[in-house]
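# My questions concern the predicted model and sequence given below.
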Number of protein chains: 4
Amino acid sequence: MISFGSDNHSGVHPDILEVFHLANKGYAVGYGEDRITIDAIGQLQDLFGGACDVWLMMTGTGANMVALQSVVASFHSIICADYAHINVDECGAVQKFTQARLESVKTTDGKLTPNLIEPLMTGRGDEHRSQKKVVSISQSTEYGTAYSLKELQELSDFAHQYDMLLHVDGARLANAAAYLDVTLEQMTKDVGVDMVSFGGTKNGMMFGEAVISFRPELTKNLIYYRKQAAQLFSKMRYIAAQYTVYMNNDLWLTNARQANAMARYLAERLSDLERAKVVSPVQSNAVFAIIPAETVSKLQDRYHFYVWDETSMVVRLMCSFDTQEEYVDRFIKDLSSFLY
Amino acid sequence: MISFGSDNHSGVHPDILEVFHLANKGYAVGYGEDRITIDAIGQLQDLFGGACDVWLMMTGTGANMVALQSVVASFHSIICADYAHINVDECGAVQKFTQARLESVKTTDGKLTPNLIEPLMTGRGDEHRSQKKVVSISQSTEYGTAYSLKELQELSDFAHQYDMLLHVDGARLANAAAYLDVTLEQMTKDVGVDMVSFGGTKNGMMFGEAVISFRPELTKNLIYYRKQAAQLFSKMRYIAAQYTVYMNNDLWLTNARQANAMARYLAERLSDLERAKVVSPVQSNAVFAIIPAETVSKLQDRYHFYVWDETSMVVRLMCSFDTQEEYVDRFIKDLSSFLY
Amino acid sequence: MISFGSDNHSGVHPDILEVFHLANKGYAVGYGEDRITIDAIGQLQDLFGGACDVWLMMTGTGANMVALQSVVASFHSIICADYAHINVDECGAVQKFTQARLESVKTTDGKLTPNLIEPLMTGRGDEHRSQKKVVSISQSTEYGTAYSLKELQELSDFAHQYDMLLHVDGARLANAAAYLDVTLEQMTKDVGVDMVSFGGTKNGMMFGEAVISFRPELTKNLIYYRKQAAQLFSKMRYIAAQYTVYMNNDLWLTNARQANAMARYLAERLSDLERAKVVSPVQSNAVFAIIPAETVSKLQDRYHFYVWDETSMVVRLMCSFDTQEEYVDRFIKDLSSFLY
Amino acid sequence: MISFGSDNHSGVHPDILEVFHLANKGYAVGYGEDRITIDAIGQLQDLFGGACDVWLMMTGTGANMVALQSVVASFHSIICADYAHINVDECGAVQKFTQARLESVKTTDGKLTPNLIEPLMTGRGDEHRSQKKVVSISQSTEYGTAYSLKELQELSDFAHQYDMLLHVDGARLANAAAYLDVTLEQMTKDVGVDMVSFGGTKNGMMFGEAVISFRPELTKNLIYYRKQAAQLFSKMRYIAAQYTVYMNNDLWLTNARQANAMARYLAERLSDLERAKVVSPVQSNAVFAIIPAETVSKLQDRYHFYVWDETSMVVRLMCSFDTQEEYVDRFIKDLSSFLY
């Protein structure tokens, strides 16, 4: 069954599957001291412009927990969007692990702005209040939108002005880079991002996320938190090898472009239908659209996808590196047939 | 370079690597609701005698954190051996995640007994004291020893008599089963174990651990803790598929037998040498031996292994599913040549 | 300097100060096993209608932390109003101690209703979401309003329907009871409240809060959390003795009535002034009013009080058990003189 | 009934009770910004030699939690003696609040030494191990012993050499100072102590503990943790006023001397009895003695005290500021009569 349910419903890119055989030769020291990992870390550092520290993690939630823990204490708070994965999709993992408070801000498109955050900036130095320490955003967002370089710069300037840090949950960082047509360095280091994760799982890897810190002086204890969060992989070479393939031939970009292109194509085709309506800008690999309620369960018999909002019958349709035009065509054809 | 450093220095068993290609076909729902996972869970339940709940985790530390969290509150304590992985090798992960206290007991061979625990059993109902809730053991232990069925039964009886639970860290459960020549069911459910993990990573899998609860009524909230601990894998099918291969042809047992056999062989060969001494019973895949201090660094130029105790110059030599007789022979030959 | 800053700016009621001398005779067992405490607990149980468990705490924040911890796990969430003390005035204490998530709801008057909470009631049984477990309200609220018995009953019905509990932060419970002219039993047990704190500190005691559980079967481990939260007082008799005086002659009610009467009087006098405006119903001992910005600092030279909202220049004026009509008159006279 | 059960079974010194009436005049700003508190803090700073920061807390457990939290992260460990209050008497409060690991060391007299700690000093920089950060001792200890200035200096030198801090739980600091006949400054600041608490509750105050940091640059966030631990008293003047009396006339020292003198006297009188044996040096206000098992319950009918060790029938007899020679005489007389 074809899935528009999530980009993690897709399998693993064949090139990545292949590299496991290479990585499988002989013994390797555990926990990241092996040659494959050391090389991959070096390549990741280059990809993000150098002068940064990089660590590999098992899962996206783990990458967020560990990155944020490395820069907050329990009396701090982390500002995020209402839709943020750390706010609603991780069963409180970040709060449990860091003990810090999440302060979520209502957004219309999943994106924070200085104007939206400004009203929260009270109580500095007041011992009765959690002290704001991090602005955490997702790029691309859970609502399929992407921050422009300018928006990122404004957010990091805002954060730094208040002695806060800007953290980016980059589970879909590749999709944003593909959309903006910029390098990862331009989209992170160059616009003042302090920490970012660079996800692999949702974009063709089997598992593995990288956390990058552009403030190595602040994150020197991250290694302990990684172990304490059970995110330190013993057979690290198998994540590292995936990243090697992911990077060497810009596979991350190729995959993201395909996913984005399919989302755009799907949105266009939906727009052709009178009774369907795309409700959010398509700036990555997600399409949010209203479709007639009576077609949903019929479509779900043939395709996997989620209803995002029961009331307004907004559905979320995710594309992935292996989504094919033909799948979209078939989906539209079926939807059309249910409509008329 | 040949490694006796750890069983996680080994690669992945070829059959397990192969199954990824099969698992990679088409889309699959995430987070464990896919067909491959549902089947693997069923097989795991059968393997452990049924009437149990099973969950898959990313890492061994994660499996311990989540299993223990599901049965303790912060005012509880968990009794474990001084050598226990949860006590010394996880950077405090279990304590951080569960907030409960670890009470470690000094052991000579890594094994707890009712007699060793008994002196701790004070302060029940006293609000000033952490309340004992779990006895957590490793099978096989970090010191290469294995609990007999009788010892396990005595521990579970002891625990239950005090209204405590018996948890087994089974990162090397297969090695103990192979040594005792019993089924997993006989070694866990039948002797009163309440929770156990069944490790894959150290025995030929790439990654993945299974947690089994024989007290499903006590662990119904474990799913939330798994997510909260970032141990819920989105592309779950890739752990599940590994377990399928691991189980179907008793690969777990074959692998463990090979590792154990190589440890016994290595111990025998060491015993032949006048100036080497095996210092712990070889009941799994680890050999603890004293070798002359001057040979250590020379050997470490050619083989990877760890010095366990600098003072007495005890070294730990781990064998694995892919350790070959020839590697042992070569190691002994080199050691001999350095000795004489 | 007269203070309308907070009811905790007031001193201790003379009768309560006096009882310390009585309590000070001879030795007493610590931690609450003394005769004075046992008697006070019995009286508190009677006051709340019996069939409840009662524990004494050091501080209001402590009372909230311990009560809530006794009924939640880290995967739970606690629903509260945006203005709630636990949400904004405790530097994240409840979240840190319980590890559970606070989900705050925007309110206009500090009061939650089933309608306001209903939209949050999604994700039940979804492992990715924190599971709603408690609705926590303040009675009277931080915005000076009081829930009616009917509103309380509706909230407890709503909570119970979703298998949640209703917790009441009663730092100013006395003021609400005085306003509603009902007994504490009627306002808590009879309308389905599950847990409540009965504050002393803000209403004439030196220190001390009582936590009452109407669900003793759910809160049997609270004693451990009280110790773990450093809220178990060694010389407990000195809190207990205060409660004895507080209860025996209905001092709690007399004090609350005086505070409420002074707030009403202050509100009336403010309403007489053309350029002042009371902006929230006066249902306890707080008055929220807009006064001309230019008078604030002049008044603050003579009276202590806080600006609640800089933008709209709303000030909060708290009355207390020892606020006198004469203080209000003087305040109004000064304000008038600054106005004209 | 006379109590040798604990120094917190005693009441409040009359001078301290008296000061409440003075402190009770008029309104005072809350949370420590009032004049009485500011003055008391200044006096406490002087008492400890200046160049230190001081905060007032509600309880002894709270003072430990907050002080330690201010200097550790969750990947750290705190080294303490097996008998330490933080290890066995606080239901895991420090571990829960700080998330750090306690590493307890077996002692014979409740005192740590560099030699006892040295074997733990492994694993520095190893991400699998909790990183040692604090040595926490009690002065005087829970076993009635006191560290000499030389022993303190050796411990602080040891701690600092490993980049650790020396924390002193000073619930009975006064008793140690009285025993050693040194100033508080000499016993803390001058011998390299980094943080200390100066207890009031066990030595004649009603409640209140002071935390002193000689490393203000490291503890600047302590105020947030104090609030987060519910240890920030709203009506702070009532703790501060007690400290004022406690300090002004050296009442803390007078009280401690009386308690110590009574313990010495009790020990001497016990030594006169053939069948009683004092088993620990009497260096503060505690006497540990073996008395015939058959006399214990008879004595407990008339005096409150605890059996410390059931097996060897060691009892703990605590003296306090209000213990009188006559009480000791009576106890000895009764014991004698039961013996013969």
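Ah, there it is. Numbering: from 1, shown residues only, chains lettered A, B, ... in the order given.
# Helices of the stretch 1-150 of chain A, start to end?
Under the criterion DSSP state H, counting those that start in this stretch, the stretch 1-150 of chain A contains helices at A:14-23, A:35-47, A:60-69, A:85-88, A:93-98, A:114-117, A:149-161.
# What of the stretch 201-340 of chain A?
Using DSSP H, counting those that start in this stretch, helices in the stretch 201-340 of chain A cover A:222-228, A:237-248, A:251-272, A:293-302, A:325-339.
# near chain B, which residues of the stretch 1-150 of chain A show up?
Proximity of the stretch 1-150 of chain A to chain B, by C-beta under 8 Å from any C-beta of the partner chain, involves residues A:1-3, A:5-6, A:8-12, A:14, A:17, A:20-21, A:23-30, A:58-62, A:65, A:90-93, A:96-97. Placement of C-beta: from N, CA and C, glycine included.
# Filter the residues you listed down to the buried ones.
Neighbour counting with 16 or more other C-beta atoms under 10 Å in any protein chain shown marks A:2-3, A:5-6, A:8-12, A:17, A:20, A:23-24, A:27-30, A:58-62, A:65, A:90-93, A:96-97 as buried within these.
# before we move on, back to that, including distance to D:I79 and mean pLDDT, could the helices of the stretch 1-150 of chain A go into TSV?
Listed next are those as TSV, based on distance: least, C-beta to C-beta, whole Å; pLDDT from 0 to 100:
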stretch	distance to D:I79	mean pLDDT
helix A:14-23	41	97
helix A:35-47	33	98
helix A:60-69	23	98
helix A:85-88	35	96
helix A:93-98	25	98
helix A:114-117	42	98
helix A:149-161	38	98
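# Out of these, which gets nearest to chain C?
helix A:93-98 (4.9 Å; C-beta to the nearest C-beta).
# is the closest one anywhere near chain C?
Yes - contact between helix A:93-98 and chain C, assessed by C-beta under 8 Å from any C-beta, occurs at A:95-96.
# Any part of that helix near chain D?
No - for a cut-off given as C-beta under 8 Å from any C-beta, helix A:93-98 has no contacts with chain D; the smallest distance is 8.7 Å.
# name the helices or strands packed onto that helix?
Under the contact definition 3 or more C-beta pairs under 8 Å, 6 or more residues apart in numbering or on different chains; DSSP states H and E, helix A:93-98 sits against helix A:60-69, strand A:76-81, strand A:101-105, helix B:93-98, helix B:222-228.
# Using JSON lines, lay out these together with distance to D:K277.
Shown next, in JSON lines, are the helices and strands packed on helix A:93-98 (distance: least, C-beta to C-beta, whole Å):
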{"stretch": "helix A:60-69", "distance to D:K277": "52"}
{"stretch": "strand A:76-81", "distance to D:K277": "54"}
{"stretch": "strand A:101-105", "distance to D:K277": "55"}
{"stretch": "helix B:93-98", "distance to D:K277": "39"}
{"stretch": "helix B:222-228", "distance to D:K277": "51"}
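# Out of those, which gets nearest to D:K189?
Set against D:K189 and scored by C-beta to C-beta, the helices and strands packed on helix A:93-98 come closest in strand A:76-81, at 30.8 Å.
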